[in-house]
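Peer 1: below: sequence and its predicted model.
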Amino acid sequence: MKVLVVGSGGREHALIWKLSQSPLVEKIYCAPGNGGTVAIAKNLNISVDKIKILADFAEGEGIELTVVGPEAPLVAGIVDLFEKRGLKIFGPRKEAAQMEGSKSFAKNIMQKYDIPTGFAKIFTDHKKAVNYIENHEVPLVIKADGLAAGKGVFISESKEEAKKALDYCFVNKRFGSAGDKVIIEEYLEGEEVSLLVFTDGETVLPMVPAQDYKRIYDGDLGPNTGGMGSYSPVPTVTEEIYNEIVEKALKSTIEGLKNEGIEYRGVLYGGIILTKDGPKVLEFNCRFGDPETQAILPRLESDLAEIMLAVAERRLANYGELKWSPKNCVTVVLASSGYPGKYEEGFEIKGIEGANLKNGVVVFQAGTVREGEGVVTAGGRVLNVSALGNDFKEARERVYEAIKEIDFNGMYYRKDIALRAVKSQSGVGSRK
Ligand code: GLY
């Protein structure tokens, strides 16, 4: 089978790495891909928003399965277009992708179907939103309704900050039409966990939980990023908590959508906060997480292509169980100096091969491009180094040993990824 993967990050490299292990898969294309995907797939010079050109390519090349990494093409309707043209594709249609594409849509579904989540109000009127802030206690979370490349969420510690966030949306139009509607939400306190499921709209197969690190600096300090590291499983997620999240947050949402006449197919990603009152949904995403995928897929022992085909063909009920390695996985992101602000590109990257040879280690590339025989930096998040170990201590040691092999100008990474998982496993420290 010929497969097309849409995207260019570490998540897509991890998806291709796993798909390439399937006996069902003969050839993989990646649009546009990166310096790592080119070694196991054919990179195409087509950007992720060119959905018609992607469909033309898939039709012309006889692609039998397309897998979409990022949210933007899903929200733009890539699945609808491919299906209209009789092309098999893994992901939710435009209407279902609103679970990520419109925060008010997702919140309305959660409120209607009693999905545990924070209290929230939706506003299209600036004055009414300001009035709401005047009459409520901070902290409050202000969210632009639509896709804002991860920049549309503001945790406001004061009413002034909250009003400034409203200005960004309603007055400065920082997010264009994505900020014409705003959600003001209760701040949920607790540890954040990502739980993703495969679903064909009927059957739900949950993955192992993961946790990502959003802030740039150790100790969860500094500005938010796309994610600086991740690990799986999450020791604080007991079997009881896991089952509660799967049943009350994920299965109930997919059921609720079905009740609305919306079939959700693909991956549904629940961003969950473990509050003192139980797990609550912070947000949903309509795709695999990045960098969670880089810590989840090394643990998947089942054939990813088989699962994705079963989802695309609506026959997940007959698939059986997913098989997971009991090992622990840790992923550390190596970033360009200056990220998530301004950074330079084009620096030679050394040592990827040496790192890949280390026991249990795999390097997934993100912001890289091939140049001659080597690869150079071409983005903020450059590489993801993942390692499996018998416990988190071993996985962490392997990751940080492998990173010693790698070097590029301005390389920056967090030193505390999965430290809390090590502490949890050894009974030291406390839940946050
Ligand atoms: N790691 C967060 C996300 O993928 O949205």
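Peer 2: All right, it came through fine.
Peer 1: residue of this protein nearest the ligand, please.
Peer 2: With Cβ to the nearest ligand atom as the measure, residue 289 is the residue of the chain nearest to the ligand, at 3.5 Å. For glycine as for every other residue, the C-beta is placed from the backbone atoms N, C-alpha and C.
Peer 1: tell me who's in contact with that residue.
Peer 2: Residue 289 makes contact with 11, 194, 196, 210, 212, 227, 230, 269 under the criterion Cβ atoms under 8 Å, 6 or more residues apart in numbering.
Peer 1: pull the most distant pair out of those.
Peer 2: Farthest-apart pair in these is 196 and 227; separation 13.9 Å (Cβ to Cβ).
Peer 1: what touches both of these two?
Peer 2: Shared contacts of residue 196 and residue 227, defined by Cβ under 8 Å, 6+ apart, comprise 289, 292.
Peer 1: got the buried residues for stretch 213-228?
Peer 2: Neighbour-count burial for stretch 213-228, counted by 16 or more other Cβ atoms under 10 Å, picks out 213, 215, 216, 225, 226, 227, 228.
Peer 1: from residue 65, how far off is the residue lying closest to residue 42 once chain neighbours are set aside?
Peer 2: With sequence-adjacent residues excluded and distances taken as Cβ to Cβ, 6 or more residues apart in numbering, residue 42 is closest to residue 29, at 5.0 Å. Noted for residue 29: a distance of 11 Å to residue 65, by Cβ to Cβ, to the nearest Å.
Peer 1: kindly report the same for residue 36.
Peer 2: As judged by Cβ to Cβ, residue 36 and residue 65 stand 21 Å apart.
Peer 1: pLDDT at the residue nearest to residue 219 when sequence neighbours are not counted, what is it?
Peer 2: Distances taken as Cβ to Cβ, 6+ apart place residue 416 nearest to residue 219, at 6.7 Å, with adjacent residues excluded. On pLDDT, residue 416 comes in at 98.
Peer 1: what sits against residue 16?
Peer 2: By Cβ under 8 Å, 6+ apart, residue 16 lies in contact with 5, 28, 30, 37, 40, 41.
Peer 1: now residue 426
Peer 2: Neighbour list for residue 426: residue 393 [criterion: Cβ under 8 Å, 6+ apart].
Peer 1: how near is it to residue 391?
Peer 2: Going from residue 426 to residue 391 by Cβ to Cβ gives 9 Å.
Peer 1: same thing with residue 254?
Peer 2: Separation of residue 254 from residue 391 (Cβ to Cβ): 33 Å.
Peer 1: ok, now residue 401?
Peer 2: In this structure, residue 401 and residue 391 are 15 Å apart, going by Cβ to Cβ.
Peer 1: and residue 68, by the same measure?
Peer 2: From residue 68 across to residue 391, the span is 34 Å (Cβ to Cβ).
Peer 1: the residue most central in space within the chain: which element?
Peer 2: In the chain, the centroid-proximal residue (Cα atoms, centre = their mean) is residue 289; its distance is 1.4 Å. Residue 289 is part of no helix or strand when elements are defined by DSSP states H and E.
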